[in-house]
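K.L.:
Got a predicted model here, sequence first, then my questions.
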2 protein chains.
Amino acid sequence: MPTNLIPGNAVIGQAGGPTAVINQSLVGVVQGLLEARAGIDPATGRPSSGSAPGQPSPIKKILGMRHGVRGLVNADFYDFTSTNPEHLERLARTPSAALGSTRDKPDAAYCQRIFEACKKHDIRYFFYIGGNDSSDTCRLVNETARSTNYELRCFHIPKTVDNDLMENDHCPGFPSAARFVAMACMADFMDNISLPGIKINVVMGRHAGFLTAASALARRADRLDPSTDGPQLIYLPEVPFDMDRFVADVEHWYAKKGRCHIAVSEGIQDKDHNPIAAKLFEGETDAHGNVQLSGSGALGDALADFLKKKLTPAGGKPPRVRADTFGYIQRCFPDPSPVDAREARAAGREAARLALSGDLDGSIAIQRTSPIEPGALYAAALKRVDLSAIAAKTRVMPPEFIEGHSNVSRRFLDYCRPLVGELPPFERL
Amino acid sequence: MPTNLIPGNAVIGQAGGPTAVINQSLVGVVQGLLEARAGIDPATGRPSSGSAPGQPSPIKKILGMRHGVRGLVNADFYDFTSTNPEHLERLARTPSAALGSTRDKPDAAYCQRIFEACKKHDIRYFFYIGGNDSSDTCRLVNETARSTNYELRCFHIPKTVDNDLMENDHCPGFPSAARFVAMACMADFMDNISLPGIKINVVMGRHAGFLTAASALARRADRLDPSTDGPQLIYLPEVPFDMDRFVADVEHWYAKKGRCHIAVSEGIQDKDHNPIAAKLFEGETDAHGNVQLSGSGALGDALADFLKKKLTPAGGKPPRVRADTFGYIQRCFPDPSPVDAREARAAGREAARLALSGDLDGSIAIQRTSPIEPGALYAAALKRVDLSAIAAKTRVMPPEFIEGHSNVSRRFLDYCRPLVGELPPFERL
């Protein structure tokens, strides 16, 4: 361990929408710091050279901020310093954000209060687990500290079911949510062929379609052909959504099969980037002026009503059209992908390791080291990237993951399949 | 095996909403019949006395009707007679109705066509897996056969996530759906304390509240106290729903905790038995004149809008209110309760056994043989009951399962807990 580390307290926060594995990252940071306090060098996993357990460590207290930076400015902390290891293990396996989360997006004045709180509570190590807004908070806090020469080591640990962080192959939280979407769509497609009709499933993702695209894993084997297994149609925010083309797409499958299974992102947009949800109904807007997409069935219901109206033959009966919105369940369902649980923990530990190895700031990125190919043995590595490379930026589905206007590519399937874990084998007559 | 069994074909159908384990029952019937064809006495599990494998069995062909009785009248069959056993095992573990389902509710004329089809295809054994409507179909077909002295052995195998069949402790399909509801509510409650607000989850169940009541299993240990863990409020169709009382209930918890987690049945009714869904919006009606409840987020969204309006302080900001509707996923999610999978299979086998043991008709009921007590070792037995005891009747939550107007009783928890299998242990700070 470098000897130039300024002794002080460490603080950890969780922000944004919770996930099934965000507590794995929390526990990863806490464990990394606890081991450092116990005299174990995070770089080697062995007792620090020249140090013995019990020797003063640069980490004094390990504090959790309750509800993110709001807990920091309000001095609302949970003290992890003497937490029992079994408690931590159980916590890691519990979904959602154990410390509480926040949607606060600090401006310069708020950042100043955060920074003042850091000084007041002798905080020298700052860890923040979240998405692109949270990495921006981390970047702002870091810059404020730098500008006043207060040494604060600031690290961001990625988390988002939307999978929309730059520099990352994928983000902790996404594989588990993708697993849920795939399993829900597998079962719901069987439901749809059992009682045929038109079925719309609305999946999370305001700007990035990764999670909606994961519905394609519901198809058996690696088939891209939507004529055998559903979903037949997959609509992503990255591809302009046209209402007339949508009706024609559904009509095609409904005429051919007497049914149609559809996955649609809550964030679908028209060619001018206007959210379809905003066009179809007057939704509530959040603190950032975004239309409320989750926690409402409005988009699915509006699309279903639209299809019913358009596909009812003159004087005839409307087709059976149903819409489900997967909602908040998809981000926290307690059946995480094993890869995701492992990586989320490792990302937390890596942030602690870097902070104690002399690094001043950064974000932990997951980078795949195995090829994206059918049958490749999945492997990934963690890499430090600059906060500015992640902060407030949004990654969307690359064109090579998209096929046509309503399907994903084989490359996307090869990308996504190793992340979600084993899916149950289904049989058909 | 009795020697007075008239040789003929057997036919099996699946009807109503599919479940995670309805294919277990299908495979149970098929296996029972296949073993009889192989000369194994279903009563003893040993080669029939005086018979040897290969000896003529009363069962000629084993036919699956595609999409229930519709497949029977249209001669649309799947032939199970020489199905490979591994294929059957995989099929049993696949959710939804492998043969396809139907919502057809035959009248006397339709029943006549069913009966004609039975005669035409030399069917002497009729098995129908479904809920109360399907048991009524079975009863009607049985009576038509009796009235013309055509020997047709008619058996109903229970299936319904609503858990609303008479004579049954619980119905195959319910434990798996209850497991999903409990797990989804566990995770969603953690989500709700992480990002506080008012959260409504709408659960299936038109007349019976069992599935909504299962949300109470989301609370840790056996706590009935909603002040520690959610859901704080549980609304069942059995208890008249009053909009003003609903607002007061939510206001109470929101004032106390700054959040409120709510489970509400899609079938909630006012004191005059009018569905709240019908009062709040003009829903689509189905073939039986019922308002469409599932496959739409309308009820949850209407309740959320109502709360927002009522709970917004004069000149102030509306509270964060979100609604998710669990939708079709809850009935087929591919993580069945082990008890449910086992019992659904056993119920199918028992129907085959009874038919081949000389019984003419009946429904298979699951009856608990262990006490409903905390810590009791769960045990159940299968019992033949008359079709008329089940047909077209609806069981609802007994008063001893309900506590007050927005909670379940300890007895309900003791009833439900052994059915759903292990739930993941969650930890809080």
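P.N.:
Yep, it's here. Numbering: from 1, shown residues only, chains lettered A, B, ... in the order given.
K.L.:
Any idea how many residues pack against the closest residue to chain B within chain A?
P.N.:
Nearest residue of chain A to chain B, counting by Cβ to the nearest Cβ: residue A:297, 1.4 Å away. (Each C-beta comes from the backbone N, C-alpha and C, glycine too.) Each residue near residue A:297 was counted by other Cβ atoms under 10 Å in any protein chain shown, and the total is 26.
K.L.:
how near is it to residue B:93?
P.N.:
Relative to residue B:93, residue A:297 is positioned 31 Å away (Cβ to Cβ, to the nearest Å).
K.L.:
Residue A:161 against residue A:333, yeah?
P.N.:
No: judged on Cβ atoms under 8 Å, residue A:161 makes no contact with residue A:333 at a distance of 10.6 Å.
K.L.:
more neighbours, those two?
P.N.:
Per other Cβ under 10 Å, whichever of residue A:161 and residue A:333 has more neighbours is residue A:161, with 32 against 28.
K.L.:
what's near enough to touch that one?
P.N.:
Residues counted as contacts of residue A:161 (Cβ atoms under 8 Å, 6 or more residues apart in numbering or on different chains) are A:17, A:19, A:173, A:174, A:176, A:177, A:204, A:211, A:330, A:331.
K.L.:
Could I get these in a markdown table, plus columns for neighbour count and distance to chain B?
P.N.:
As requested, the contacts of residue A:161 are exported to a markdown table (neighbours: other Cβ atoms under 10 Å in any protein chain shown; distance: Cβ to the nearest Cβ, whole Å):
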| residue | neighbour count | distance to chain B |
| --- | --- | --- |
| A:17 | 25 | 7 |
| A:19 | 33 | 10 |
| A:173 | 34 | 13 |
| A:174 | 32 | 16 |
| A:176 | 31 | 11 |
| A:177 | 33 | 12 |
| A:204 | 24 | 11 |
| A:211 | 30 | 15 |
| A:330 | 27 | 10 |
| A:331 | 28 | 7 |
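K.L.:
okay if I get those residues as TSV plus pLDDT and secondary structure?
P.N.:
Formatted as TSV, these follow (pLDDT from 0 to 100; DSSP: H, G, I helix; E, B strand; the rest coil):
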residue	pLDDT	secondary structure
A:17	96	coil
A:19	98	coil
A:173	98	coil
A:174	98	helix
A:176	98	helix
A:177	98	helix
A:204	97	coil
A:211	98	helix
A:330	97	helix
A:331	97	helix
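K.L.:
can I get those residues in JSON lines with distance to residue B:233?
P.N.:
JSON lines is the format used below for the contacts of residue A:161 (distance: Cβ to Cβ, whole Å):
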{"residue": "A:17", "distance to residue B:233": "24"}
{"residue": "A:19", "distance to residue B:233": "26"}
{"residue": "A:173", "distance to residue B:233": "29"}
{"residue": "A:174", "distance to residue B:233": "32"}
{"residue": "A:176", "distance to residue B:233": "28"}
{"residue": "A:177", "distance to residue B:233": "27"}
{"residue": "A:204", "distance to residue B:233": "26"}
{"residue": "A:211", "distance to residue B:233": "30"}
{"residue": "A:330", "distance to residue B:233": "23"}
{"residue": "A:331", "distance to residue B:233": "23"}
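K.L.:
Now do residue A:87: how many residues are near it, please.
P.N.:
So residue A:87, with other Cβ under 10 Å, has 13 neighbours.
K.L.:
So what's the residue count around residue A:85?
P.N.:
Residue A:85 has 11 neighbours, counted by other Cβ under 10 Å.
K.L.:
if I pick the closest residue in space to residue A:7 that isn't next to it in sequence, what's in contact with it?
P.N.:
Counting by Cβ to Cβ, 6 or more residues apart in numbering or on different chains, residue A:7 lies nearest to residue A:58, which is 4.7 Å off, once chain neighbours are set aside. By Cβ under 8 Å, 6+ apart, the residues touching residue A:58 are A:1, A:5, A:6, A:7, A:8, A:36, A:124, A:356.
K.L.:
Please apply the same query to residue A:93.
P.N.:
A:23, A:24, A:341, B:424, B:425, B:427.
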